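Enquirer: My questions concern the predicted model and sequence given below.
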Amino acid sequence: MPGGRLTQQERRQIALGLADGLAYAEIARGLDRPTSTITREVMRNGGPTAYRADLAHRATEHRAHRRTQPAPRVAEAPPQAYGRDAEAVRAYEETFTTVMMASGMTTMTARVMACLTLTDSGSLTASELVQRLQVSPASISKAIAFLESQGFVRRERDERRRERYLVDDDIWFESMMASARSTAQIVETARQGVGVLGPGTPAATRLENVARFLDFVSEAITRAAEQAREILSTKPGTTSDGTTGPRSD
């Protein structure tokens, strides 16, 4: 397996693979490189939708040149708990970030989401996020605002009156409910259009079909999310006959 830095030709092959919709692992096999190498390369240079081979190559050369110059000391990454492999955790965080981006998040929003989700406490301050991700406070603020609007993150103040951003067991439930509310707004707007365009006309019929479909989907999402939340929040307990069974707090 070749080592060392990626060549410009390898970066062009990565770009072609991304354009063809190949997974990182498939691109890595074609280059005889570790998947983590390809993941880091793409995420460090704009992500799967913005990766450009020539720009990535120049950026890498620039970073290599900067490393030869004296630089101020930066904060080290926090040590890994529970005996985790730091390299494996770093690679997984990049994979998680990529999946979040594929779902529609911007690069920075996905990075913040991954950082919070993979922190054992599930809670970080803005300054801690800035330090961990090495980005500006404004970038963190913008990403947090989006995540809050989608129900992924909530905020609270700690004992030192600092704002902390949290993800917890309810984040996916809240996100699904936010999605259902957003879908319900589309349904309402579509049905308003039926009245404007005239019931029975082709355009109005199309909007009515959209409304009926999304109304069903919105209700199904809400019902499934509530049922899943109830099931997953039920803890094992002991029944009257001594066997183990579900119980709710």
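Expert: Cool, got the structure.
Enquirer: all contacts plus neighbour counts: C-alpha atoms, from now on.
Expert: Will do.
Enquirer: Show me which positions of stretch 48-59 end up buried.
Expert: Of all the residues in stretch 48-59, those buried under the rule 16 or more other CA atoms under 10 Å are P48, Y51, R52, A53, A56, H57.
Enquirer: Are there helices or strands packed against the helix or strand in which Q13 is found, and which ones?
Expert: According to DSSP states H and E, Q13 maps onto helix 8-19. For helix 8-19, the elements it packs on are helix 24-31, helix 53-67, judged by 3 or more CA pairs under 8 Å, 6 or more residues apart in numbering; DSSP states H and E.
Enquirer: which stretches of the chain have low pLDDT?
Expert: 1-3, 63-79, 235-249 (pLDDT under 70).
Enquirer: Measure how buried the residue nearest to E93 when sequence neighbours are not counted is and give me the count.
Expert: Leaving aside its chain neighbours, E93 sits nearest to A114 (6.2 Å; criterion: CA to CA, 6 or more residues apart in numbering). By other CA atoms under 10 Å, the residues close to A114 number 20.
Enquirer: so how far is whatever helix or strand A114 lives in from its chain's centroid?
Expert: Following DSSP H and E, one finds A114 within helix 107-117. From the chain centre to the centre of helix 107-117 is a distance of 6 Å (CA atoms, centre = their mean, to the nearest Å).
Enquirer: Sketch out the strands for the protein, chain order is fine.
Expert: Taking DSSP state E, the strands of the chain run over residues 123-125, 154-157, 163-166, 235-238, 244-247.
Enquirer: quick one, domains of the chain?
Expert: Following automatic domain parsing, the chain resolves into domains at 8-66, 88-166, 171-237.
Enquirer: Which one of those domains lies nearest to Q80?
Expert: Q80 sits nearest to domain 88-166 of all the domains of the chain, at 8.6 Å, using CA to CA.
Enquirer: can you give me the offset of that closest one from its chain's centre?
Expert: Counting by CA atoms, centre = their mean, domain 88-166 comes out at 9 Å from the chain centroid.
Enquirer: Report the separation between the two terminal residues of it.
Expert: End-to-end distance for domain 88-166: 24 Å, by CA to CA, to the nearest Å.
Enquirer: Please identify the buried residues of stretch 14-33?
Expert: For stretch 14-33, burial by neighbour count (16+ other CA under 10 Å) applies to I14, A15, G17, L18, Y24, A25, I27, A28, L31, R33.
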